[in-house]
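Trainee: sequence? don't have it. structure:
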């Protein structure tokens, strides 16, 4: 493993916030009466799925792109969809070429969204790791700037701006439940919020199928985990055996991890649509799903970031049709 890189700190997060202002939205944070009643404490939904590209990833991608040197040849990355879309958006805004590498597991709607933004898409292999090898080759052979989806100081600092916003929105927050994949979001949000809020509890939430960060934490080091199809497809992929930042930051900053079954994720998706009127993809619904499962508790206000909206419409309709009757009868 390569030596750890310098961790981004609160000053990096504040600089990132100033840098990306005007490029991203300060998204709505609204109280859920239904979830607050279930928890017996205030529960707030941070509607980051309403970001320009439908996911929080625009923050980190924009922060990284805006710091590229003049004359950059372009950018590349490996992505399960949302980071690729964000990077394509940020690159187009700066007039840069973007080549996004994705595996065959990425849903077609996410591939199409990247292509619509003018980026070149390359489908490589059956995993995020396969796509990452191609992105690294493009950086080496064609001189493109490699902006990975999570293990990158500028990306982490950009994602941390979501944490700064959530603290402004809910200053007395006691618990935040953050979708957990490669750890870029959790690392940044936890570092930003814990720097400003004593006693804050950070819970990572992922799917049980192929949760690479959770497996790595159990092993005490980054490990390879087979990527599997899941409703939380944006949380798929490995964390990189040469991980330099997010593994250690998640290990040090996260207080608990919750792993969800597929049916629990589906219920979270359906609840958000039927009860809250929000269209949220599986990865973005895991916080709500953890609450509904009864495994997420808190002694004070809870913030649940809804991190993405980019779900295939037909799949969303099927999930909601399957689960809506039960939710309407037993909210």
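Mentor: Perfect, thanks for sending it. Just so it is clear, the model here is predicted, and its values are computed rather than measured. Numbering: from 1, shown residues only.

Trainee: what about the stretch 101-250 of the chain, any weak spots by pLDDT?
Mentor: Of all residues in the stretch 101-250 of the chain, none has pLDDT under 70.

Trainee: Go ahead and name everything in contact with the strand ranked longest in the chain.
Mentor: Longest strand in the chain, counting residues (DSSP state E): strand 201-207. Strand 201-207 is touched from outside by 174-181, 186, 189-190, 193-194, 213-214, 230-232, 235, 250, 253-262, 265, 282, 286-287, 289-290, 296, 298, with contacts defined as Cβ atoms under 8 Å, 6 or more residues apart in numbering. Bear in mind the C-beta positions are built from the backbone N, C-alpha and C, glycine included.

Trainee: now stretch 139-148
Mentor: Outside stretch 139-148, the residues that touch it by Cβ under 8 Å, 6+ apart are 61, 64-65, 68, 72-78, 87, 97, 99, 132, 135-136, 138, 154-155, 240.

Trainee: Kindly recompute the last result at 6 Å.
Mentor: With contacts defined as Cβ atoms under 6 Å, 6 or more residues apart in numbering, stretch 139-148 is touched by 64, 68, 72, 73, 74, 75, 76, 77, 87, 135, 138.

Trainee: Most neighbours among those, which one is it?
Mentor: Of all the contacts of stretch 139-148, the most densely surrounded is residue 87 (33 neighbours; neighbours counted as other Cβ atoms under 10 Å).

Trainee: Model confidence at the nearest residue to that one once chain neighbours are set aside, what's the number?
Mentor: In space, and not counting its chain neighbours, residue 87 is closest to residue 61: 4.4 Å by Cβ to Cβ, 6 or more residues apart in numbering. According to the prediction, residue 61 has pLDDT 98.

Trainee: Which helix or strand contains residue 61?
Mentor: helix 58-65 (DSSP states H and E).

Trainee: Quick check: buried residues in that helix?
Mentor: 58, 59, 60, 61, 62, 63, 64, 65 (16 or more other Cβ atoms under 10 Å).

Trainee: Residues contacting it, please?
Mentor: Residues from elsewhere that reach helix 58-65 (Cβ under 6 Å, 6+ apart): 16, 19-20, 23-24, 51-52, 86-87, 90, 94, 147, 154-155, 157-159, 161.

Trainee: hang on, the earlier thing: between the contacts of stretch 139-148, which is closest to residue 245?
Mentor: Taking Cβ to Cβ as the measure, residue 245 lies nearest residue 64 of the contacts of stretch 139-148, at 13.3 Å.

Trainee: tally of neighbours for the residue nearest to the closest one when sequence neighbours are not counted?
Mentor: Nearest non-adjacent residue to residue 64, counting by Cβ to Cβ, 6+ apart: residue 154, 4.0 Å away. Using other Cβ under 10 Å, residue 154 has 21 neighbouring residues.

Trainee: Doesn't residue 154 belong to a helix?
Mentor: Yes. According to DSSP: H, G, I helix; E, B strand; the rest coil, residue 154 belongs to a helix.

Trainee: Which of the contacts of strand 201-207 fall in strands?
Mentor: Filtering these for strands - DSSP E - leaves 175, 176, 177, 178, 179, 256, 257, 258, 259, 260.

Trainee: can you tell me how far the residue nearest to the third one when sequence neighbours are not counted sits from residue 281?
Mentor: Closest residue to residue 177 apart from its sequence neighbours, by Cβ to Cβ, 6+ apart: residue 287 at 3.8 Å. Distance of residue 287 to residue 281, computed by Cβ to Cβ, to the nearest Å: 12 Å.

Trainee: quick one, which of these two is more surrounded?
Mentor: Between residue 287 and residue 281, counting by other Cβ under 10 Å, residue 281 is the more crowded of the two (33 against 30).

Trainee: Skip the chain neighbours and tell me the closest residue to residue 300.
Mentor: residue 174 (2.9 Å).

Trainee: State the number of residues packed around that neighbour.
Mentor: 17.

Trainee: before we move on, what about residue 159?
Mentor: That count, for residue 159 with other Cβ under 10 Å as the rule, works out to 31.

Trainee: List just the nearest of the contacts of stretch 139-148 to residue 308.
Mentor: Nearest to residue 308 among these: residue 87, at 14.8 Å, using Cβ to Cβ.
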